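*Asks:* I would like the atomic coordinates for the input below:
(3 chains)
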Amino acid sequence: MAAREYDVAVVGGGLVGAATAWGLAREGCRVALLDEGDRAVRASRGNFALVWVQSKGLGLAPYAGWTIRSSDAWAGFAAILKDETGLDVCFQRPGGFHLALSEKELEARAEVLKRLHNQPGIVDYKTEILDHSQVARMLPDIGPEVVGASYCPLDGHVNSLRLFRTLHQAIHARGVDYLPSHRVDDIQREGGVFRLLTPQGEVRAGRVALAAGNANMRLAPMVGLEAPMKPERGQIVVTERLRPFLNYPVVTLRQTDEGTVMIGDSKEEGTDPARITLGVAATEAERAVRQFPLLANVNVVRTWSAIRVMTQDGFPIYDESETHPGAFVLCCHSGVTLAANHALTVAPMIARGALDKALVAPFSARRFHVQEAA
Amino acid sequence: MFKRLHDTATVTITVDGQPVRARIGDTVAAALLAAGIDHCRTTPVTGAPRAPYCLMGVCFDCLVTIDGVGNRQGCLVPVREGMAVATQIGKREAGR
Amino acid sequence: MTSAADLSPSYDLVVIGGGPAGLAAASLAARVGLSTVLFDENPGVGGQIYRGITSTPIKNGTVLGEEYWAGGALASEAKVSGAAIVTGATVWTLDPSLAVGVSIAGKARLIQARRVIIATGALERPFPIPGWTLPGVMTAGAAQTTLKAQGLVPDGRTVLAGCGPLLWLLAAQLLRAGVKIEAMLDTASRRNWLRALPHLPDFLLSPYWRKGLALLREVKAKVPVIAVDRLSAAGDGKLKEVVYGTGGTEHRLAADLLLLHHGVVPNVNLANATGAAHRWNERQLCFEPVLDDDFTSSVPGIAVAGDGAGIAGGTAAAERGRIAAIAAVRALKPEASVPDPQVVRQKLAREEMGRAFLDILYRPADSFRRPEGDTVVCRCEEVTARQVRAMADTGCEGPNQMKAFLRSGMGPCQGRLCGLTVTELIAEQRGLSPAEVGYYRLRPPVKPITLAELASLPIGEAERKAVER
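*Replies:* Below is the predicted model of the structure:
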């Protein structure tokens, strides 16, 4: 079989890869999107779907600005997608809550926000601490054990599975070659062309963008890059569809536009997405019932685990290769929140052949070496 | 749609407030079929009417509200004297 | 009534499902002294084949046939065996560590087992024709259930459609109960006969053929049997007409009730959710667990017996249950005296004889398994064949990605009514085999439980810390 040639090969068909491929296609690039198969470890199918600002950036102030940039761009991004596909990903930005079930939890929350805001160069994102009655005015169904919350007006959410589908339909319509079951075994560079070797044959491209989540750890060194990752497992409980009762996303509990309620945000070690820890699901359920007692006799129809894409310090990595010009790597935990940036800001940089240092220099993986040296 | 081979009705339940005679040994779904009730729910997606389909606990088309608790599988719940059954209209309301 | 609080924290053997496999397994194990509990979610034991066996109002022995009444012995044997038989008990999770999550009357418990036998049997193969979601369209099995358990039979204009032994049996049972059947629409491909012929000698040696022929004669004497290659249900809000066609002709038949059936397939949800390996069975067109000679799955300590292990019928199911129970006894109480498994295996082999002939003769036609256009595939989320096919065309290669894209399989039935259809549609659209496409990856709870029930389970310190930060 003759090798196929493209301007850019994007590796990874999840939210980061699909958003990047879409953005590249909009710039006029001929794009191949290489993906694994149906049972791939896939964070994009296990997403809580927040477009979330509050608490982002503690330890790396520019991450707050990068997050707000995407959050601000999200409405426009959703509108373009709707225009192209007819699908509404239901982006909403009513502001979001982080509920506390004890004074201790609320104090810890306030402390995090204080440290975050005290960082030099931080963007003010207007997060405030509310007491029970202030919260109850906006979330009338909270239980008596909710002592308060932090609230940020910039927070929002989206239907992330529909976003996933919409991006795939949009890239299909834009002529991107989606290549499933093309796990990349090796990447070689010859005469300015990247050769991506897969069990289904070779794909050639002038540029390559690695967006394969935790698998970037394996792929990045093939093109002189690095992606130090620290995957972790999260678990979610999902209920049956309910009539709308919750008008704001809570960081651990949200009602989707379809009516189901997603409950979650656990952190465990491990990389097996098939595993479910019942006691963790039970803790999530118990806290959800304390937060919203009216959910007690609602039916749980599903639980799932997913492996978070997480760099070793939790912040994104955007880098371009010095040894293999034209090779880029994109790693981040927040593939939903940052989707607008990936599609509208990062993809055009890759199309032009160079990252814009003014925007993404703080997210180079070189920061890990600085820390090691110090 | 259905008739009994043996008339042994022995309990009364209500369906959307109307009394319905049922036999001990009926499940809620069977009692609704015996009473000639067209549909037991409307779907949460398009609002289409549905009636019991498999009667063996796998299809979830016989979902009804029983004694105030929504989305219960009518084919798995035996009738009891005085039980209040209601059509499940679309999505369930949290807390009910 | 046993409540959740009455259960022991642990049992030697937990049997899930009270049909022939589960009843036979629980009886055998309990009789030799294994502490045994059997859970069944229905109000009574018997499974589907012996539904209502301890409570049926049908006293006339001929209506249901002698095979049905054979179930009585299994039920009474189990009752006196010493096994705890708990009905109204829904098993919603089975962990590879053999923790069994059960819900009884709205209360959940986790029970630790040393061995588990899954005997959750079969369900009717999805029959996605246009209009199959209309009130007035039910499965043949549903009508058989109300007949057995409640003595409730169809009234008004009743049409049966599909193929397979159970459809003929139901027709005969309904006729004996005095029900008028307007027509029997036969959807099996005529070409099946030729393919089945090589297996005819085996079938003639099996116990089924005489009974089967007698059933066909009994039904054909009273009901017009019409071969069809197209079938749909029409009506506004409820069934009004059955529309069928052969070749270029189309007919409409006014009907109040349409009973569909084209075979049964293993109910794999619980076994799949434990992580047990499954494989595609091309002859039976379904997924089934990968099992050893003792019906043990790829997950240590978990066996799958009965039709859940692959379709073989009720009598075979009981023998399979016994074989799995013997293995459990030998592992947990080697000194106990159990029947020679080789003898049971020989009985089982006799029961399984002739199955190939039936599978091929009644192989449902492709067009009734792989719908087109706006026909609903996923009844819960109302996803259509057109949507599934279009998504496959954009590159979606498997049911799990499809589930993420379209929500097919995400409703409360958790893919039981759409899983095989989605797999087959993707396979057809992408030129793959169903074995390559695979099936949904299922997760607990395999049946819904309330948030309060989930919240009531034991929580360890590390588990709490994984959430509270």
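*Asks:* Tell me who's in contact with residue 58.
*Replies:* Using chain A. A:112, A:115-116, A:119 (C-beta atoms under 8 Å, 6 or more residues apart in numbering or on different chains). Glycine gets a C-beta too; all of them are placed from N, C-alpha and C.
*Asks:* let's do chain C instead
*Replies:* Residues near residue C:58 by C-beta under 8 Å, 6+ apart: B:5, C:64, C:147-148, C:151, C:177.
*Asks:* Chain A contacts on the stretch 151-300 of chain C?
*Replies:* Counting by C-beta under 8 Å from any C-beta of the partner chain, the residues of the stretch 151-300 of chain C close to chain A are residue C:275.
*Asks:* need the residues of the stretch 151-300 of chain C near chain B, please.
*Replies:* C:151-156, C:177-178, C:237-238, C:256-257, C:267.
*Asks:* One more: the stretch 251-374 of chain A?
*Replies:* A:259, A:261, A:292, A:294-295, A:297-299.
*Asks:* Buried ones among those residues?
*Replies:* A:259, A:261, A:292, A:294-295, A:297-299 (16 or more other C-beta atoms under 10 Å in any protein chain shown).
*Asks:* hang on, the earlier thing: which member of the contacts of residue A:58 is positioned nearest chain C?
*Replies:* residue A:112 (10.4 Å; C-beta to the nearest C-beta).
*Asks:* Within the helices and strands, which one has the closest one?
*Replies:* helix A:103-117 (DSSP states H and E).
*Asks:* Return the set of buried residues in that helix.
*Replies:* Of the residues in helix A:103-117, A:105-106, A:109-110, A:112-113, A:116 count as buried by neighbour count, 16+ other C-beta under 10 Å.
*Asks:* for stretch C:161-172, same thing?
*Replies:* So, applying 16+ other C-beta under 10 Å, buried residues of stretch C:161-172: C:161-172.
*Asks:* Same question for stretch A:151-170.
*Replies:* Neighbour-count burial for stretch A:151-170 flags A:151-152, A:154-170 (criterion: 16+ other C-beta under 10 Å).
*Asks:* Report the beta-bridge partner residues of residue B:63.
*Replies:* residue B:73 (DSSP bridges).
*Asks:* Thought residue B:74 was touching it, still the case?
*Replies:* Yes. Between residue B:63 and residue B:74 there is a contact under C-beta atoms under 8 Å: 7.0 Å.
*Asks:* of the contacts of residue C:58, closest to chain A?
*Replies:* Using C-beta to the nearest C-beta, those come closest to chain A at residue C:148, 28.4 Å.
*Asks:* Validate this expectation: the closest one resides in a helix.
*Replies:* Yes. Applying DSSP: H, G, I helix; E, B strand; the rest coil, one finds residue C:148 inside a helix.
*Asks:* And it, what's its pLDDT?
*Replies:* For residue C:148, the pLDDT comes out at 96.
*Asks:* Any idea how many residues pack against the residue lying closest to residue C:240 once chain neighbours are set aside?
*Replies:* Closest residue to residue C:240 apart from its sequence neighbours, by C-beta to C-beta, 6 or more residues apart in numbering or on different chains: residue C:234 at 6.0 Å. For residue C:234, the neighbour count with other C-beta atoms under 10 Å in any protein chain shown is 14.
*Asks:* same thing with residue C:363?
*Replies:* Neighbour count for residue C:363, taken as other C-beta under 10 Å: 22.
*Asks:* From chain B, how far off is the residue lying closest to it once chain neighbours are set aside?
*Replies:* Of all residues not flanking residue C:363 in the chain, residue C:192 sits nearest, at 5.5 Å (C-beta to C-beta, 6+ apart). Noted for residue C:192: a distance of 25 Å to chain B, by C-beta to the nearest C-beta, to the nearest Å.
*Asks:* Go ahead and confirm residue C:192 touches residue C:358.
*Replies:* No. The criterion here is C-beta under 8 Å, and residue C:192 misses it with residue C:358 at 10.4 Å.
*Asks:* When the two are compared, which one has more neighbours?
*Replies:* residue C:358 (21 against 17).
*Asks:* Now that one. Nearest residue, chain neighbours left out?
*Replies:* With C-beta to C-beta, 6+ apart, the residue lying closest to residue C:358 is residue C:165, at 6.2 Å.
*Asks:* contacting residues around the one you found?
*Replies:* Taking C-beta under 8 Å, 6+ apart, we find residue C:165 in contact with C:208, C:212, C:215, C:358, C:362.
*Asks:* will you turn the residues of the stretch 251-374 of chain A next to chain B into CSV that also has pLDDT and secondary structure?
*Replies:* Formatted as CSV, those follow (pLDDT from 0 to 100; DSSP: H, G, I helix; E, B strand; the rest coil):
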residue, pLDDT, secondary structure
A:259, 97, coil
A:261, 98, strand
A:292, 98, coil
A:294, 97, helix
A:295, 98, helix
A:297, 95, coil
A:298, 97, coil
A:299, 97, strand
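*Asks:* now for those, which pair is the farthest apart?
*Replies:* A:259 and A:297 (16.1 Å; C-beta to C-beta).
*Asks:* Dihedrals phi and psi, the residue of the stretch 351-469 of chain C found nearest chain A?
*Replies:* With C-beta to the nearest C-beta as the measure, residue C:398 is the residue of the stretch 351-469 of chain C nearest to chain A, at 2.2 Å. Main-chain dihedrals, residue C:398, degrees, to the nearest 10: phi -150, psi 170.
*Asks:* Quickly note the distance from the closest residue to it other than its chain neighbours to residue C:416.
*Replies:* Nearest non-adjacent residue to residue C:398, counting by C-beta to C-beta, 6+ apart: residue A:38, 2.2 Å away. Going from residue A:38 to residue C:416 by C-beta to C-beta, to the nearest Å gives 19 Å.
*Asks:* quick one: which of these two has more around it?
*Replies:* residue C:416 (27 against 22).
*Asks:* who's in contact with the more buried one?
*Replies:* B:58-59, C:123, C:267, C:269.
*Asks:* Where does it fall, secondary structure wise?
*Replies:* When the helices and strands are read off by DSSP H and E, none of them contains residue C:416.
*Asks:* Doesn't residue C:454 lie inside a helix?
*Replies:* Yes. Assigned with three-state DSSP, residue C:454 falls within a helix.
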